[in-house]
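Engineer: My questions are about this predicted structure, shown below with the sequence.
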Amino acid sequence: MNDWLIPDWPAPAGVQACVTTRAGGVSLAPFDSLNLGDHVDDSPAAVAENRRRLTDHFSIAPAWLQQVHGIDVVHADPSQVARADASWTATPGIACTSMTADCLPVLFCDRAGTRVAAAHAGWRGLAAGVLEATLDSLAVAPDQVLVWLGPAIGPTAFEVGPEVREAFVRQMPEAQQAFVPSANAGKFMADIYLLARLRLAARGVTAVYGGGFCTVSDPRFFSYRRSPRTGRFASLIWLAH
């Protein structure tokens, strides 16, 4: 737990956030050790203990989601596991939660510190509009929103096919700058952080922080591209009690 990340951003007092790492849990290899995903064939008992440790450490109630690479945003509810890729809350102590292992976790809050949200953005969800849908759920003016981009696959590791580039450029020509030709013919290296910033900027949100991580090269994090049989870490945001 000593190496968990605390986002460095100018969030208002009362908004708290954390990104877990692989450390601090009980799961055995290849899920060692703080795997929080209950859908990766890890021991259910280990996942439950890992989640308990997280919950107890911060005295929060995480709202876990069944993430499906879509754009549905739900009101965070720790009593059920909604099929969605983002959640929001205005209730202190409930943590909006995004589980990832290369996809982009995105945390949101308003400048007044009255509501928070978390989104899971793989390239499909990003192209489909999950960040825009999450912004809509906050129901505040774009200039009143702060965003933090958590650990995801970096631009030197994210090789994609032309269909991925086309999915973004078709909607937003300036997205071309987020793709550079790969060493492999016909492929591109994609910058998911830049894509997120461009889409947020298009909605008037420019107070965007974070980025600069790479889950593939940083062993602190689970990475599906590095090892398909792996765990999930969590990015959480909540209002203090």
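Structural biologist: Now that the structure is in, tell me what you want to look at.

Engineer: need the contact list for the residue with the largest distance to the centre of the chain.
Structural biologist: For the chain, the largest distance from the centre (CA atoms, centre = their mean) belongs to residue 185, which lies 30.1 Å off. Counting by CB atoms under 8 Å, 6 or more residues apart in numbering, residue 185 touches no other residue. Placement of C-beta: from N, CA and C, glycine included.

Engineer: can you give me the helices for the protein?
Structural biologist: 44-58, 123-128, 130-138, 162-169, 192-202 (DSSP state H).

Engineer: Out of those helices, which is closest to residue 234?
Structural biologist: Closest to residue 234 of the helices of the chain is helix 44-58 (CB to CB; 7.0 Å).

Engineer: Can you name every helix or strand that the closest one contacts?
Structural biologist: Under the contact criterion of 3 or more CB pairs under 8 Å, 6 or more residues apart in numbering; DSSP states H and E, helix 44-58 touches strand 61-63, strand 233-239.

Engineer: Can you say which of the helices of the chain is nearest to residue 73?
Structural biologist: Closest to residue 73 of those, according to CB to CB: helix 130-138, at 4.4 Å.

Engineer: Which strands and helices lie in contact with that closest one?
Structural biologist: Applying 3+ CB pairs under 8 Å, 6+ apart, we find helix 130-138 packed against strand 73-75, strand 86-89, strand 104-110, strand 116-121, helix 192-202.

Engineer: For residue 216, see how far away residue 146 is.
Structural biologist: 27 Å (CB to CB, to the nearest Å).

Engineer: Residue 103 now?
Structural biologist: From residue 103 to residue 216 the distance is 12 Å (CB to CB).

Engineer: shared neighbours of these two, which are they?
Structural biologist: Common neighbours of residue 103 and residue 216 (CB under 8 Å, 6+ apart) are residue 153.

Engineer: The two: who's more crowded?
Structural biologist: Set side by side, residue 103 and residue 216 show more neighbours around residue 103, with 26 against 20, by other CB atoms under 10 Å.

Engineer: Tell me which of the helices and strands packed on helix 130-138 sits most buried.
Structural biologist: Among the helices and strands packed on helix 130-138, ranked by average contacts under mean count of other CB atoms under 10 Å, first place goes to strand 116-121 (a mean of 30).

Engineer: Which neighbours in the sheet does that strand have, and how are they oriented?
Structural biologist: With DSSP bridges as the test, strand 116-121 is paired with strand 86-89 (antiparallel), strand 104-110 (antiparallel).

Engineer: among these, which is nearest residue 72?
Structural biologist: Judging the strands paired with strand 116-121 by CB to CB, what sits closest to residue 72 is strand 86-89, at 7.4 Å.

Engineer: Pull the distance from the closest one to the chain's centre.
Structural biologist: Shown here is strand 86-89, whose average C-alpha point lies 12 Å from the average C-alpha point of the whole chain (CA atoms, centre = their mean, to the nearest Å).

Engineer: got it, and stretch 123-131?
Structural biologist: Its chain's average C-alpha position is 12 Å from that of stretch 123-131, according to CA atoms, centre = their mean.

Engineer: Mind checking the pLDDT average for that stretch?
Structural biologist: Averaged across stretch 123-131, pLDDT comes to 98.
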